[in-house]
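> I would like the atomic coordinates for the input below:
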Amino acid sequence: MDKSGLAPRRTALYLLDQITGEGRLMAEMVASGVLERLAPEERARAQGLVMDTLRGMERADRMLQKHLRKEPSLTVKNALRLGVIEICARREAGHGVVNSYVELISRNKRNAMLKGLVNAVLRKFTTDGPEAWDALRTPRMPKWLRDPLAEAWGAKPIAAMEEVQFAGAPLDLTPKGDAAALAERLGGELLPTGSVRLRDPGQVTALDGYETGDWWVQDAAAAVPAKILNAQSGEKVLDLCSAPGGKTLQMANVGAKVTALDISADRLKRVHENLERCGLKAKVVQGDALEHEGKYDAILLDAPCSATGTIRRHPDLPYAKDGSGFFSLIELQEVMLDRALTLLNPGGRLVYCTCSLLPDEGEVQIEELLARNPNVQVDTVAMDLPWVEDAWRSPEGGLRLRPDYWADRGGMDGFYVVCLRLNA
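Here you go, the predicted model:
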């Protein structure tokens with residue numbers, strides 16, 4: 001392990017360059033093996049530093065703005081951002097932080113001549129930087145995303161969501177067995193929906209019950225769609241777009257005959273791994289949802305979407321994307337909804353969900369579906385569960401989950417969920 005701390009910082013700088021410059025997502029890069037050359041604790045440090053920087057990006061940029069006469073190259077700007085986060089937000093010893101980023105830039109042929117700039121700027125934050133950091137407002141989402149969300153939900157709710165996103169996310173687990181017993185065992189909180197929340201979990205694979213498959217990682221909001229579908233033992237159920245498999249595991253756990261379908265063979269490896277670890281069974285199929293054949297008693301469609309509801313866990317998303325692909329996703333959702341209905345047995349039910357905060361990917365999709373298909377109706381009984389809060393209900397009959405709900409508990413992912421029934 002590199003005791004100087006350069007290795008994780010070098011990796012953090014590379015990751016941040018790839019996210020902000022090349023539009024790559026953190027999960028994609030982790031899966032590619034970028035972090036494999038680091039020791040486990042260095043991997044955690046590099047990832048944590050990047051996540052903290054992305055969450056505090058707007059605040060870091062505001063602090064840097066007054067000290068930069070002109071915009072430096074992206075790599076230099078990202079080195080400065082990382083340095084500001086370490087000094088001001090993480091309260092790391094300024095001398096070591098400054099020296100590390102000066103050294104990293106000096107090794108970069110294209111930017112070596114700017115090592116003096118990095119040194120001069122970062123040193124300005126070593127005395128009163130942390131106090132100046134604390135005085136700034138909560139970082140805001142980039143304008144391209146904030147504007148449409150504020151139009152949908154209002155300025156005050158968006159500010160509340162940003163507070164939750166800036167704080168980061170606790171770890172939620174879906175128990176295979178007794179949720180209350182697992183919460184007590186792990187020292188976690190039993191949420192009203194039945195998920196178990198851990199505030200400071202440490203290494204996930206080292207937690208009690210990981211090796212024995214007693215639980216799987218799944219945000220509390222992401223666990224809601226399968227609870228709404230309420231698959232029964234012996235029912236023939238299709239999980240469309242199933243990877244990484246949390247919802248498949250939920251339905252298999254109650255004895256349903258689950259077919260887990262996903263177009264990505266690589267992502268389906270996670271489904272296989274999770275099923276094996278938890279000792280559960282499902283039929284795993286690699287294929288296109290629009291070409292799948294069969295008839296099912298119940299279907300769960302977690303449609304491809306903007307993922308704008310997951311920013312508290314994935315702060316890279318607003319900086320890796322720019323919203324240009326949203327319209328094609330909305331079109332795909334409509335086609336997949338119509339296709340999924342053709343796979344239902346008469347009287348069957350379909351849960352449609354997206355981890356999005358955009359109404360066009362949730363409420364609007366269902367309003368338009370109901371208008372064009374008189375044989376479909378919202379199953380209001382399925383949506384009427386004791387833990388469903390009134391604030392979650394949307395006018396067309398679905399549930400609108402938002403990051404600022406349960407803010408005092410650490411929030412939840414933004415999700416839209418609705419249960420539909422095909423008339424017999």
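> alpha carbons only for contacts and neighbour counts from here, please
Will do.
> Look up how far residue 180 lies from the closest residue to residue 234 other than its chain neighbours.
In this structure, residue 234 finds its nearest non-sequential neighbour in residue 256, 4.8 Å apart by C-alpha to C-alpha, 6 or more residues apart in numbering. Residue 256 sits 23 Å away from residue 180, going by C-alpha to C-alpha, to the nearest Å.
> what does residue 333 give?
Distance from residue 333 to residue 180, by C-alpha to C-alpha: 36 Å.
> again with residue 271
26 Å.
> quick one, helices of the stretch 251-400 of the chain?
Counting by DSSP state H, counting those that start in this stretch, the stretch 251-400 of the chain has helices at residues 265-278, 317-320, 326-342, 363-372, 380-383.
> Could you say which one of the ones you listed comes nearest to residue 144?
Of all the helices of the stretch 251-400 of the chain, it is helix 317-320 that lies closest to residue 144, at 8.6 Å by C-alpha to C-alpha.
> Could you list the alpha-carbon positions for the closest one in CSV?
The C-alpha trace of helix 317-320 is given here as CSV (Å, rounded to 0.1, in the frame of the first residue of the first chain):
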residue,chain,number,x,y,z
LEU,A,317,-24.9,11.1,-12.7
PRO,A,318,-25.6,14.9,-13.0
TYR,A,319,-21.9,15.4,-14.2
ALA,A,320,-21.7,12.3,-16.5
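> Tell me which other helices or strands it touches.
Packing contacts for helix 317-320, counted by 3 or more C-alpha pairs under 8 Å, 6 or more residues apart in numbering; DSSP states H and E, involve helix 6-22.
> Does anything pack onto the helix it packs on? Which helices or strands?
Packing partners of helix 6-22 (3+ C-alpha pairs under 8 Å, 6+ apart): helix 26-31, helix 40-55, helix 74-84, helix 94-106, helix 317-320.
> Could you name the stretch from the helices of the stretch 251-400 of the chain that's closest to residue 70?
helix 317-320 (21.1 Å).
> Highest mean neighbour count out of the helices and strands packed on helix 6-22?
Burial of the helices and strands packed on helix 6-22 is given as mean neighbour count (mean count of other C-alpha atoms under 10 Å); helix 74-84 ranks first at a mean of 24.
> so what's residue 359 up against?
Counting by C-alpha atoms under 8 Å, 6 or more residues apart in numbering, residue 359 makes contact with 152, 365.
> let's see it at 7 Å
Residues near residue 359 by C-alpha atoms under 7 Å, 6 or more residues apart in numbering: none.
> can you check residue 301 too?
Counting by C-alpha under 7 Å, 6+ apart, residue 301 makes contact with 239-241, 351-353.
> so how far is residue 82 from the closest residue to residue 136 other than its chain neighbours?
The shortest distance from residue 136 to any non-neighbouring residue, by C-alpha to C-alpha, 6+ apart, is to residue 59 (6.8 Å). In this view, residue 59 and residue 82 are 12 Å apart by C-alpha to C-alpha.
> Residue 387: how many residues sit nearby?
10 (other C-alpha atoms under 10 Å).
> That one against residue 194, yeah?
No. Residue 387 sits out of contact with residue 194 when judged by C-alpha atoms under 7 Å, with a separation of 9.3 Å.
> Tell me which of residue 271 and residue 180 has more neighbours.
Ranked by neighbour count (other C-alpha under 10 Å), residue 271 and residue 180 place residue 271 first, with 25 against 16.
> so which of the helices of the stretch 251-400 of the chain gets nearest residue 221?
Among the helices of the stretch 251-400 of the chain, the nearest to residue 221 by C-alpha to C-alpha is helix 380-383 (14.2 Å).
> thinking again about what came up before, do I have it right that the residue nearest to residue 136 meets residue 142?
No. The criterion here is C-alpha under 7 Å, and residue 59 misses it with residue 142 at 11.8 Å.
> Give me the more crowded residue out of the two.
residue 59 (21 against 13).
> Now do the contacts for residue 283.
With C-alpha under 7 Å, 6+ apart, residue 283 has these contacts: 258-260.
> Repeat that for residue 53.
Per C-alpha under 7 Å, 6+ apart, neighbours of residue 53: 81-82, 85.
> Okay, buried residues for the strand ranked longest in the chain please.
Secondary structure assigned by DSSP state E gives strand 344-354 as the longest strand of the chain. By neighbour count on 16 or more other C-alpha atoms under 10 Å, the buried set for strand 344-354 is 344-346, 348-354.
> Extract the CA atoms of it and return them as CSV.
C-alpha atoms of strand 344-354 as CSV (Å, rounded to 0.1, in the frame of the first residue of the first chain):
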residue,chain,number,x,y,z
LEU,A,344,-50.0,-10.7,-19.0
ASN,A,345,-52.7,-13.3,-18.4
PRO,A,346,-56.2,-11.9,-18.3
GLY,A,347,-56.7,-10.3,-14.9
GLY,A,348,-53.0,-10.2,-14.4
ARG,A,349,-51.2,-7.3,-12.8
LEU,A,350,-48.2,-5.2,-13.8
VAL,A,351,-46.1,-3.0,-11.6
TYR,A,352,-44.4,-0.3,-13.5
CYS,A,353,-41.6,1.7,-11.8
THR,A,354,-38.7,4.0,-12.6
